[in-house]
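# 3D model of this:
(chains A and B)
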Amino acid sequence: MVSASPSQVKPQAVETALRLIARLDIKGANLIKGVHLEGLRVVGDPQIHAAKYYHDGADEIIYMDTVASLYGRNNLVDVVSRATEHVFVPITVGGGIRSVEDARTLLRAGADKVAINTAAIKEPKLISQLSDVWGSSTIVLSIEAKKTGDKKWEAYTDNGRERTGLDVGQWAETGANLGAGEIFVTSVDQEGTRKGFDCELVAEITKRVDVPVIASGGFGSLDHLSQLVKTAEPTGVAIADSLHYNRYSFDQIRSFCLANGISTRNFKSAADTST
Amino acid sequence: MTNFPKTRKINFAEFQTTGDLRATKYGLPSNVKFCKKCIISNQRPNSAVEFAHTTESKKQTIGFDDELICDACRVAEKKASIDWRAREEELRALCDKHRSTDGSYDCLVPGSGGKDSFVAAHMLKYKYGMHPLTVTWAPHVYTEWGWRNFQRWIHAGFDNYLCTPNGRVHRLLTRLAVENLFHPFQAFILGQKSLAPKMAVLHQIPLVFYGENEAEYGNPMGDADSAIRQWKYFSAPEKSSIHLGGTSIKDLTTDFGLEEVDLDPYLPANPDGLQKLGIEVHYLGYYTKWHPQSCYYYAVEHGGFEASPERTPGTYSKYNSIDDRIDDFHYYTTYIKYGIGRATYDAAQEIRSGDINREEGVALVQRFDGEFPTRFAEEIFAYLSIPEKEFPKASKMFEQPTIDMAYFNNLADSFRSPHLWSYNDGQWSLRHQVK
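Numbers count the residues shown, from 1 in each chain, chains lettered A, B, ... in the order given. Okay, the predicted model is just below:
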């Protein structure tokens, strides 16, 4: 077992490097995956997947208890505290965070950042409350966006089930103004389809806010990545399906980025460095 | 003379805490129980022969054993011990026997283009080399995404006949089914069950495939043991015994201004024609391990199937039964009549399939079951209204031909069974809830 302290392996702050993030949707004790955030299928043990992605060179891990709001619960504390034993890149946790107290519990358990969606939509000032306590770099606004028309998207809650009437672009702007240090946007239309990112959606948000923007939903081939970076300039991309089902590895993705002029963190896997 | 009053009298005394809890409607069991494995209650009616359905009908309900486990869960357990490879061989043999080599269709796949019929037709054609003809009985009112999914099905490589019934007749029959049986989905079910056998006779295709066996959801277990669908579901011997919307054909033609030809799409196929053709109706769920969620994945992968853009009111799901705008009301009425709403049906299925656990199912039911389906309500009320201009004769049978929220709610209350519902301080609540 290779052990490493966080400071040794954490990614360096390179302004232009695209962050490659593994997204793990969690339900109860299981890693799950859906299509359009629906038909949630049990994939396996989140710990095993997280450890693998860390070793393979994920810059960051995002745990989303996507059904926390749906079921009115929050189960991620255990998952997070166990993850901190073998994952030494930043961990973001989202799902079911309804108060400063909920956030505190998860941050104490080892999360580096917390992501909020449903609670922020119900009570936008929660964003400022959280960022007042921990600083905006700890607070991620998660947005589930569904296309409603030409360059128009509506924000959803409850894992892409509940409409809110909020315009995604405006909501991202409001969230950033209230103190969210990062916007994590999931395209419900593309999610789980492997048909490519909703680049227009991501571009709309990067155009409107100055904080980092992470694009999630739709990665299915390496070309999707260059298309996204070219047209929308996100700070990072979150990948789930392709990693969970071993369609692509971080190694392949990084090599592709290198060959195509997309700057990423210079990573050598812990296994390589130990030999 | 009107048959249907504007307001029905509700005896609220029956719904007090002290009410007689043995007073049940529809022959439901007076002692309410919930399956310990899934969450379905023993009030769940089995599929019935719809053209025999009248206000007097008594329901057969899902069986529970001594351990309080429902038949559907027992069927699901049995699935684990089935030799699916042997079953697939049976299917291959069946296909080999029927596969056409002369340019004709060799099997009929009825469906909507939802996830299940998508998989059925696609598998038969691309995996088993069959030449299916698909037939569709139209929903009352398509949702936009339902229509798109239907088109995607066809464009995944199938010929299709879409049968869309006369809108006015369909509305009237649906109104009658709501007034008599509180069953807004009945006209759809009638046509759907009748269409496939008739098309089989018309096109001389004896082999008919459906996706899943109704026994999966709690019909008598005996049904699942034979792949061949029982005749009673789709044929009837005597026209005089047939009721549509709980109304006899004689009344429909004398009192409601319909002609016999208007009723043709709803009437069951003639058993003689079926016998002569030697029709065989098979369920793919008998031959392959049918998993609704996997069907969704398959349909997305092979046809670009889309989930609905929001969860269906009354439940959390957005991948099943999403093509008819009246569907929201179908499950709302089952909630009123049996205390079982859409979330219960969805969660029970997903628990049996191993997609969610019972605790999650209970949480989903508590959150969503019985939610009033506001999103299409105005449209559906207009659909159910029978204005004189369009229905000169039938409209006279209704004291208030127009349906609005107050009318609908009063009607709903008249279908509540005292053993299920209590009424206190102006609020309805279920006496028994799944825990």
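# For the closest residue to residue B:170 other than its chain neighbours, give me its contacts.
Of all residues beyond its chain neighbours, the one nearest residue B:170 is residue B:187 (5.4 Å), with distances taken as Cβ to Cβ, 6 or more residues apart in numbering or on different chains. Just so you know, the C-beta spots here come from the backbone N, C-alpha and C atoms, and that holds for glycine as well. When contacts are counted by Cβ atoms under 8 Å, 6 or more residues apart in numbering or on different chains, residue B:187 touches B:140, B:165, B:170, B:173, B:174, B:177, B:244, B:245, B:266.
# Tell me which of the residues you listed fall in strands.
For the contacts of residue B:187, the ones inside strands are residue B:244, with DSSP state E as the criterion.
# Now stretch A:71-83: buried residues?
Of the residues in stretch A:71-83, those with enough neighbours to count as buried (16 or more other Cβ atoms under 10 Å in any protein chain shown) are A:71, A:73, A:74, A:75, A:76, A:77, A:79, A:80, A:82, A:83.
# circling back to that earlier point, next one: the residue nearest to residue B:170 from residue B:32, what distance?
The span separating residue B:187 from residue B:32 equals 30 Å under the rule Cβ to Cβ, to the nearest Å.
# do stretch A:213-229 and chain B meet at all?
No. Contact between stretch A:213-229 and chain B, assessed by Cβ under 8 Å from any Cβ of the partner chain, is absent, since the two come no nearer than 11.3 Å.
# Endpoint to endpoint, that stretch covers what distance?
12 Å (Cα to Cα, to the nearest Å).
# tell me, which of the buried residues of stretch A:71-83 make contact with chain B?
Filtering these for proximity to chain B (criterion: Cβ under 8 Å from any Cβ) leaves A:71, A:73.
# From the buried residues of stretch A:71-83, pick the one nearest chain B.
residue A:71 (4.7 Å; Cβ to the nearest Cβ).
# which residues sit in contact with that closest one?
The contact partners of residue A:71, taken as Cβ under 8 Å, 6+ apart, are B:360, B:363, B:364, B:367.
# JSON lines for these, including pLDDT and distance to chain A?
JSON lines is the format used below for these (pLDDT from 0 to 100; distance: Cβ to the nearest Cβ, whole Å):
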{"residue": "B:360", "pLDDT": "91", "distance to chain A": "6"}
{"residue": "B:363", "pLDDT": "92", "distance to chain A": "5"}
{"residue": "B:364", "pLDDT": "94", "distance to chain A": "7"}
{"residue": "B:367", "pLDDT": "93", "distance to chain A": "7"}
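# quick check, nearest of these to residue A:101?
The nearest member of these to residue A:101, counting by Cβ to Cβ, is residue B:363 at 21.5 Å.
# burial measure for that closest one, as a count.
For residue B:363, the neighbour count with other Cβ atoms under 10 Å in any protein chain shown is 20.
# List the buried residues in whichever strand or helix holds it.
Taking DSSP states H and E as the definition, one finds residue B:363 inside helix B:358-368. For helix B:358-368, the buried set under the neighbour-count rule, 16+ other Cβ under 10 Å, comprises B:358, B:360, B:361, B:362, B:363, B:364, B:365, B:368.
# which is the next helix or strand following that helix?
Read in the C-terminal direction, the helix or strand following helix B:358-368 is helix B:377-384, with elements assigned using DSSP H and E.
# and that next one, which residues are buried?
Of the residues in helix B:377-384, those buried under the neighbour-count criterion (16+ other Cβ under 10 Å) are B:377, B:380, B:381, B:383, B:384.
# How about stretch B:58-70?
Burial within stretch B:58-70, assessed by neighbour count using 16+ other Cβ under 10 Å, is assigned to B:59, B:61, B:62, B:63, B:64, B:69, B:70.
# tell me the SS of the residue nearest to residue B:170?
Recorded secondary structure, residue B:187: helix (DSSP: H, G, I helix; E, B strand; the rest coil).
# now do the one 10 residues further on
Applying three-state DSSP to residue B:197 yields a three-state assignment of helix.
# What sits closest to it if chain neighbours are left out?
Nearest-residue entry for residue B:197: residue B:269, 3.9 Å, with adjacent residues in sequence omitted and distances by Cβ to Cβ, 6+ apart.
# Repeat that for residue B:242.
With Cβ to Cβ, 6+ apart as the measure, residue B:51 is the residue that lies nearest to residue B:242, at 4.6 Å, once sequence neighbours are left out.
# these two touch, right, the one you found and residue B:240?
No. Assessed by Cβ atoms under 8 Å, residue B:51 is found out of contact with residue B:240, at 11.4 Å.
# Those two - which one has more neighbours?
Counting neighbours by other Cβ under 10 Å for residue B:51 and for residue B:240 shows that residue B:51 has the greater number, 23 against 8.
# can you give me the helices in chain A?
Shown for chain A, the helices assigned by DSSP state H span residues A:6-9, A:46-56, A:68-71, A:76-83, A:100-108, A:118-122, A:125-134, A:168-178, A:199-208, A:222-232, A:241-244, A:250-259, A:270-274.
# make that the stretch 101-250 of chain B, sorry
For the stretch 101-250 of chain B, applying DSSP state H, counting those that start in this stretch gives helices covering B:115-122, B:144-155, B:167-181, B:186-203, B:222-225, B:249-254.
# Noted, bye for now.
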